[in-house]
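Student: Let's see this in three dimensions:
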Amino acid sequence: MKPVSELLRSREGTLWHVRPQDTVYAALELLARYEVGALVVMDGGRMVGVVSERDYTRKVALQGRNSKETQVADIMTRQVVTVGPHTGTRECMTLMSERKIRHLPVLEGGTVLGMISIRDIMDDIIRTHEQTIAQLETYIQS
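Tutor: Alright, predicted model coming up:
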């Protein structure tokens, strides 16, 4: 399978993020605006966590907290599983399955290059299978 750097190439420069002191409500607005399920939490150019719809659901909504008063730092996931740009998509799928997560930040050194989701990987698998099918059909017809 291909390295995740190839998946990131198609959306280069797109890294949606929030700061730890931002409100959960502000994070929810970004999640909705960009139609993503998670955001990287950055503090001074350094990743300090990830905040997801799942974090909101479990740590705000179900606990009766107010999203306009709660800070991202209070609910974000701090122990983040990350991958490097050369990590293969198959390894990412395995990590996501084993850890029951849907998003993986991609880091090189201490720099966040982007974040991939299980949807990114599934879309890539579907595209690859469609290309293979088209090639086989062409081969069979010739």
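
Student: any low-confidence regions in this structure?
Tutor: Scanning the chain with the threshold set as pLDDT under 70 gives 11-13.

Student: which residue sits closest to the residue nearest to the spatial centre of the chain in space, ignoring its chain neighbours?
Tutor: Centroid-nearest residue in the chain: H103, 3.4 Å away (criterion: CA atoms, centre = their mean). Nearest non-adjacent residue to H103, counting by CB to CB, 6 or more residues apart in numbering: A38, 4.1 Å away. All C-beta atoms are positioned from the backbone trio N, CA, C, and that covers glycine.

Student: Count the neighbours of that neighbour for me.
Tutor: Counted by other CB atoms under 10 Å, the residues lying close to A38 total 23.

Student: At which residues are the strands of this protein located?
Tutor: For the chain, the strands defined by DSSP state E cover 17-18, 38-43, 46-52, 103-108, 111-117.

Student: Please identify the buried residues of the fourth one?
Tutor: I take that to be strand 103-108. Judged by neighbour count (16 or more other CB atoms under 10 Å), strand 103-108 contains these buried residues: H103, L104, P105, V106, L107.

Student: same check, this time on stretch 118-125
Tutor: I118, D120, I121, D124.

Student: Start and end of stretch 76-84, how far apart?
Tutor: Stretch 76-84 stretches 21 Å from its first residue to its last (CA to CA, to the nearest Å).

Student: same thing with stretch 61-71?
Tutor: Distance between the two ends of stretch 61-71: 14 Å, counting by CA to CA.

Student: contacts for the longest helix seen in the chain?
Tutor: When the chain is parsed with DSSP state H, its longest helix is helix 118-141. By CB atoms under 8 Å, 6 or more residues apart in numbering, the residues outside helix 118-141 that reach it are K2, L7, T89, C92, M93, M96, R102, H103.
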